[in-house]
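Chemist: Show me how the following folds:
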Amino acid sequence: VQLVESGGGLVQPGGSLRLSCAASGFTFSTSAMSWTRQAPGKGLEWITTIYSDAMTYYADSVKGRFTVSRDNAKNTVYLRLISLKPEDTAVYYCAILNRSYWYRTSHQYDYWGRGTQVTVSS
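Modeler: Residues are numbered from 1 along each chain as shown. As a prediction, the model looks like this:
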């Protein structure tokens with residue numbers, strides 16, 4: 001299993017980015033994919049999950065600003081970030097959500113990527 005994130009970088013407040021996560025080594029189309037992030041000095045924060053039926057869920061902190069999508073033909077999940085704030089600065093990870101945790105408020109993941117850094121600063 002391999003998950004490779006890309007698309008991070010330095011962006012000004014109010015700016016936007018699109019993160020990608022290229023997946024391989026498992027059946028992507030039937031998997032639930034999550035994005036999480038870890039800000040400096042803070043714990044891991046779940047952001048969003050997209051299920052195999054394309055149903056999506058978001059944390060309140062990003063709802064309305066972040067959009068998750070998937071392309072099963074490309075085995076890729078995306079995260080569109082708009083109206084970025086300095087507090088969005090973090091390493092962003094994609095992960096495969098453990099099936100036992102589907103549609104639950106807690107999360108456990110089977111595999112992680114190495115992450116991509118997003119820095120929001122003027």
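Chemist: check contacts around the closest residue to residue 113 other than its chain neighbours.
Modeler: Leaving aside its chain neighbours, residue 113 sits nearest to residue 3 (3.5 Å; criterion: Cβ to Cβ, 6 or more residues apart in numbering). Placement of C-beta: from N, CA and C, glycine included. Applying Cβ atoms under 8 Å, 6 or more residues apart in numbering, we find residue 3 in contact with 21, 22, 23, 94, 95, 96, 111, 112, 113.
Chemist: So the first one: helix, strand or coil?
Modeler: For residue 21, the secondary structure call by DSSP: H, G, I helix; E, B strand; the rest coil comes out as strand.
Chemist: Who does the residue lying closest to it once chain neighbours are set aside form a beta bridge with?
Modeler: The shortest distance from residue 21 to any non-neighbouring residue, by Cβ to Cβ, 6+ apart, is to residue 94 (3.5 Å). On the basis of DSSP bridges, residue 94 is bridged to residue 35.
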